[in-house]
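In: Sharing a sequence plus its predicted fold:
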Amino acid sequence: MTTREDLIDGLKMIVREGVRTTVTFGPDDWTYSVHDEENGWNTKQVYCHLTAIAEILPGMAAQFGQASEGVDAAAGVDVGAMNAQLVAAKEQLSETELMEAFQASHEKAIEFVTGMPEEQLQHTLRVMDVEAPLAEILDTLVILHGIMHIYHAQDRSGH
């Protein structure tokens, strides 16, 4: 069972590993295609995505926290369109500005999680095919998802 401390540790790990894996990146590394599929992302777009997800975490948690048990809290959300919009909103940032926003957004997410009521963290809900407490959902959608993107981007860039 995911605890508040697990979420905080996970968010800290995202910051640590995101900074560690990008600190030596040059201009070509940021434009490297990480996802080869149609409409795939380059490294910079991956970090735009991760930054935006941390920024929307409080609103997402609030929305999910109000979901009725058994009802898909993400019903009607076009995840692809949402991700495209979130990434596009950050792409104009320089790589330095992006990494500053990446760190700041995750620090704010840590502050938010620190102050979340325990009953909200333990509220059971369904998101797509997963039914679990909100803490578990956030662990999957934010922490594990974020780490996967970071390592995928780092691996693909050849560092």
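Out: Everything's here; your move. Numbers count the residues shown, from 1 in each chain.
In: any chance you could map the strands in the chain?
Out: Secondary structure of the chain (DSSP state E): strands located at 124-127, 130-133.
In: so of these, which one's packed in deepest?
Out: Comparing those by mean neighbour count (mean count of other Cβ atoms under 10 Å), strand 124-127 ranks first with a mean of 19. For glycine as for every other residue, the C-beta is placed from the backbone atoms N, C-alpha and C.
In: avg pLDDT for that strand?
Out: Taken as a whole, strand 124-127 has a mean pLDDT of 90.
In: Can I get that strand in CSV, CA atoms only?
Out: This file holds the C-alpha atoms of strand 124-127, laid out as CSV (Å, rounded to 0.1, in the frame of the first residue of the first chain):
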residue,chain,number,x,y,z
THR,A,124,-10.8,4.3,-3.3
LEU,A,125,-11.6,5.1,-6.9
ARG,A,126,-11.4,3.7,-10.4
VAL,A,127,-9.2,5.2,-13.1
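In: For it, which outside residues touch it?
Out: 64-65, 67-74, 131-134, 137, 141 (Cβ atoms under 8 Å, 6 or more residues apart in numbering).
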